[in-house]
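>>> Sharing a sequence plus its predicted fold:
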Amino acid sequence: EKRRKKRNTSHCHHTITFSSFQLHLRLSHSIMSTLLPPVLLNQSSSDTLECSIHTLPKQLMREFRHVFADKYLPQDEQDAMMEASDGDDTRDILAIPTNQKARQDLVAIGEEVEVEKDRLLNVFISFGHDLCTKIRARGYWADYIDPCSGLPMLTTDCNKVYSEVDGMECLLNYKSYNAGFCKILTHPEWGSAVYPATMFAHAPASVVMEIMKGYPISTKA
């Protein structure tokens with residue numbers, strides 16, 4: 001497993017300003033792209049994780065290809081893509097965003113916040129690795145983003161950073177606010193006490209949905 005980079009505790013991203021028209025389009029795209037709406041999954045007796053499944057809207061497809069290029073394709077398909085400049089293989093490229101409710105407001109600083117970030121990181125890494133391993137065992141590509149660095153964990157030779165905040169805005173229409181040069185995600189129920197992290201898969205949606213059914217749904221309110 002790829003060594004995780006030094007923690008980026010600020011989760012800072014450059015500010016993007018949306019017009020009201022762009023916000024309307026983002027909401028429409030998030031609804032249209034959703035295959036499985038957010039559900040709360042049990043990861044242990046005390047840990048839960050909100051998870052959903054989406055096809056990629058056009059603006060997130062650009063981000064996906066910026067990060068992964070064509071490395072999600074088998075080698076023979078990569079060769080074919082090099083010959084066809086208009087290859088638009090989007091139907092089976094899926095985003096699987098997750099959000100965890102933090103016990104601390106993650107905008108704050110201090111040792112307790114850092115300990116909480118470590119706990120949330122470990123919960124996601126365990127889930128992300130397990131889900132991606134199961135998808136890969138079916139013969140399909142899958143990867144998860146390291147929340148500390150924004151880089152892929154399993155796909156080699158990728159050095160472009162994925163923006164979790166932008167991804168959650170696009171897929172789930174969650175809001176954010178600017179704190180200096182940082183872009184802070186806010187969950188509709190948990191506010192800024194939220195830890196976002198994302199997986200991607202190039203697989204039939206039915207396969208990923210079937211695998212997801214193997215994880216217990218939380219009964220917590």
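Done, it's in.

>>> and the residue nearest the centre of the chain, which of the three is it?
In the chain, the residue lying closest to the centroid (Cα atoms, centre = their mean) is residue 198, at 1.7 Å. Look at residue 198: counting by DSSP: H, G, I helix; E, B strand; the rest coil, its state is strand.

>>> For it, name its beta-bridge partners.
Bridge pairing for residue 198 (DSSP bridges) gives the partners residue 97.

>>> Which pLDDT does the model give it?
Per-residue confidence (pLDDT) for residue 198: 98.

>>> Pretty sure it sits against residue 95.
Yes. Residue 198 is within contact range of residue 95, at 6.2 Å (criterion: Cβ atoms under 8 Å). Where C-beta positions appear, they are placed from N, C-alpha and C, glycine not excepted.

>>> Now for the two: what residues contact both?
Residues touching both residue 198 and residue 95 by Cβ atoms under 8 Å, 6 or more residues apart in numbering: residue 167.

>>> Tell me where the longest helix sits in this structure.
In terms of residue count, the longest helix belonging to the chain (DSSP state H) is helix 111-137.

>>> Toward the C-terminus from that one, list the very next helix or strand.
Towards the C-terminus, the helix or strand next in line after helix 111-137, according to DSSP states H and E, is strand 141-144.

>>> So residue 150: helix, strand or coil?
coil.

>>> Quick one: the helices in this structure, in order.
20-33, 58-68, 75-83, 111-137, 164-172, 205-212.

>>> Would you single out the least confident of these?
Confidence, taken as mean pLDDT, is least for helix 75-83 of these (a mean of 47).

>>> quick revisit: quick one, what contacts the residue nearest to the centre of the chain?
When contacts are counted by Cβ under 8 Å, 6+ apart, residue 198 touches 95-98, 144-145, 162, 164, 167.
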